[in-house]
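>>> Would you be able to build a 3D model of this:
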Amino acid sequence: MPSRFNPEPDPSNPPSPERSIDTGRRYDVYCSEGYQQIVVYRNVLFKGMKGLYRAGQFDSSGEFIELELPEGKIVFIARYTLIKFCEPGADIPFEVVAPRRPER
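Residues are numbered from 1 along each chain as shown. From the prediction side, this is the model:
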């Protein structure tokens, strides 16, 4: 019986090109590391997903994203640490918004 969580792709409905990410391009990848620390891996390629010591079918703690650094070295980041990624060197405008305080 096929898994309902990982269904087979429908060959009559291929993924649309505008919805897929070009993994042949380089990106700056932002990750959370440690307590409220953000690190960035600059100008890297996404190479794929790898698993390590999965405890069960639904365990995602052992899922890693393989990144290739500009000098060709490989680094694996835990999937859950990925925050965002963008074009290398892109100036991304953002605004830090304070959390709402509950009304009394």
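>>> Would you mind measuring from residue 39 to residue 32?
Using C-beta to C-beta, to the nearest Å, residue 39 is found at 8 Å from residue 32. No exception for glycine: its C-beta is placed from N, CA and C like everyone else's.
>>> Residue 68 too?
Residue 68 is 21 Å from residue 32, where distance means C-beta to C-beta.
>>> tell me, what residue is most central in this protein?
Residue closest to the average C-alpha location in the chain (C-alpha atoms, centre = their mean): residue 82, at 4.5 Å.
>>> Can you name the residues bridging to it?
residue 31 (DSSP bridges).
>>> okay, it: pLDDT?
For residue 82, the pLDDT comes out at 92.
>>> Contact partners for it?
29, 30, 31, 65 (C-beta atoms under 8 Å, 6 or more residues apart in numbering).
>>> For stretch 36-51, list every residue counted as buried.
Within stretch 36-51, the residues scored as buried using 16 or more other C-beta atoms under 10 Å are 41, 44, 45, 46.
>>> And the strands in the chain, which stretches?
27-33, 37-51, 63-68, 74-78, 82-86 (DSSP state E).
>>> mind showing which ranges of the protein have poor pLDDT?
Within the chain, the segments meeting pLDDT under 70 span 1-18, 54-61, 104.
>>> If we use 80, what do you get?
1-19, 34-36, 52-62, 92-104 (pLDDT under 80).
>>> For the residue nearest to residue 92 when sequence neighbours are not counted, name its beta-bridge partners.
Distances taken as C-beta to C-beta, 6 or more residues apart in numbering put residue 86 closest to residue 92, at 5.6 Å, once the chain neighbours are dropped. Beta-bridge partners for residue 86, by DSSP bridges, are residue 28.
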